[in-house]
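**Student:** predicted coordinates and the sequence they were generated for:
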Amino acid sequence: MADETGFVRVFFAYIVLAALVFAIIAGGVVMGSSFIDSRLVDVGESVSKRETIAADGIDAAMIEVIHSIGQLRIEGGGSDLIAGEFTYNVPELTPTIIYSDSGDFPLVTVTHPETKFTLSAIPRPSQFNQVLNIWDLSLNREVALDLHVTMGAAEGELTLSGLNLHNLLVEIGTGMVLIDLSGDWSHNVQVEVDGGVGELILLLPETVGVRVESHAAMSEVTTIGLEKEEDVYTNEIYGSADVELDVEVNAGLGSIHLEVVTAEEEM
């Protein structure tokens, strides 16, 4: 376990550096003036905490997750609308869950309270390999959800099969991200993934229609279980299925793997 933790921290040191280089190359188009206004911060003592928002009386909600660097894991389960387990050692990156009910349905935001911008507080380069920022989020499976995830320089594992998910937007700065949308779905789902630099793995269902439109001129795309026509990938039952998963992938530099997971593999 110690060796694995050390490897993960060194890995994040590299992807944070990659994120900074990418931001400079982008000329501020992605990061904007907030990147220029960012400041260096110090690593501190490791802290762990748990926060929850109850699901009482909530039928639908918007979940927004804004994660800077480190590891992000999201899955379904539990009776709460959202439950978060956080471990971190940079005080400026202290996470919190914010609940707002001023719109048509509740908005829950998981973020660093100081700012929504993911790279406004940057650990000192000499401390990159010491940064610890792990978020484990559990979402309610019954409540209808729209989910918006923004990651800076991170390793992400989003296991979303089994959720009552209707719309998904994932924005990735740099890193490795796995999004699991396999399993059975009872309704159509709209998905958009916007990637920067890194590796994206997208697991897709076999039992509903799947269409993936990929805009990835600088990324290598590999597939399993999909047919390709120009920049569009579909599974065997797309166009005839009652339920469809419509995915748009906009990628920067890196690799994309699209894979249909069979019912046997899910078991």
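**Tutor:** Noted; the coordinates are in hand. Numbering: from 1, shown residues only.

**Student:** please count neighbours and contacts with C-alpha atoms only from this point.
**Tutor:** OK.

**Student:** bridging residues for Val108?
**Tutor:** Judged by DSSP bridges, the bridge partners of Val108 are Ile63, Tyr99.

**Student:** no, scratch that, I was asking about Trp135
**Tutor:** Leu72, Phe86.

**Student:** ok, now how distant is it from Arg50?
**Tutor:** Distance of Trp135 to Arg50, computed by Cα to Cα, to the nearest Å: 10 Å.

**Student:** so what sits against both of the two?
**Tutor:** Contact criterion Cα atoms under 8 Å, 6 or more residues apart in numbering; residues shared by Trp135 and Arg50: Gly84, Glu85, Phe86.

**Student:** isn't the second one right up against Leu72?
**Tutor:** No - contact between Glu85 and Leu72 fails when scored by Cα atoms under 8 Å: they sit 10.4 Å apart.

**Student:** show me whatever sits in contact with both of those two.
**Tutor:** Counting by Cα under 8 Å, 6+ apart, the contacts common to Glu85 and Leu72 are Trp135, Asp136, Leu137.

**Student:** got a pLDDT number for the second one?
**Tutor:** pLDDT, the model's per-residue confidence, is 98 for Asp136.

**Student:** now for it, how many residues are close by?
**Tutor:** 16 (other Cα atoms under 10 Å).

**Student:** so who does it touch?
**Tutor:** By Cα under 8 Å, 6+ apart, Asp136 lies in contact with Leu72, Arg73, Ile74, Gly84, Glu85, Phe86.

**Student:** what's the closest of these to Glu45?
**Tutor:** Phe86 (13.5 Å; Cα to Cα).

**Student:** OK, contacts around the closest one?
**Tutor:** Residues in contact with Phe86 (Cα under 8 Å, 6+ apart) are Val47, Ser48, Lys49, Arg50, Pro95, Asn133, Ile134, Trp135, Asp136.

**Student:** any regions of the stretch 1-150 of the chain where pLDDT drops low?
**Tutor:** Within the stretch 1-150 of the chain, the set of residues satisfying pLDDT under 70 comprises 1-38, 113-121.

**Student:** please repeat the previous calculation with a cut-off of 50.
**Tutor:** Applying pLDDT under 50 to the stretch 1-150 of the chain flags the ranges 1-15, 20-37, 115-118.

**Student:** re earlier: in terms of neighbours, single out the busier of Glu85 and Leu72.
**Tutor:** Remark: of Glu85 and Leu72, Leu72 carries more neighbours, 23 against 16, as counted by other Cα under 10 Å.

**Student:** which SS class is Phe128?
**Tutor:** Here Phe128 is helix, with the state taken from DSSP: H, G, I helix; E, B strand; the rest coil.

**Student:** one step back: of Trp135 and Arg50, give the one with the bigger neighbour count.
**Tutor:** Neighbours per residue (other Cα under 10 Å) separate Trp135 from Arg50, with Trp135 holding more: 22 against 14.

**Student:** separation between the more buried one and Met176?
**Tutor:** From Trp135 to Met176 the distance is 15 Å (Cα to Cα).

**Student:** same check on Ala263?
**Tutor:** Applying Cα to Cα to Ala263 and Met176 gives a distance of 25 Å.

**Student:** the more surrounded of these two?
**Tutor:** A direct count of neighbours by other Cα under 10 Å for Ala263 and Met176 places Met176 higher, at 20 against 13.

**Student:** tell me which residues are up against the host helix or strand of that one.
**Tutor:** Counting by DSSP states H and E, the element that carries Met176 is strand 165-180. The contact list for strand 165-180 (Cα under 8 Å, 6+ apart) reads 15-16, 18-19, 144-161, 187-204.

**Student:** so how many other residues sit close to Ala251?
**Tutor:** Ala251 is flanked by 25 other residues according to other Cα under 10 Å.

**Student:** residues in contact with it?
**Tutor:** Applying Cα under 8 Å, 6+ apart, the residues near Ala251 are Val193, Asp194, Gly195, Gly196, Val197, Ser214, His215, Ala216, Ala217, Met218, Ser219.
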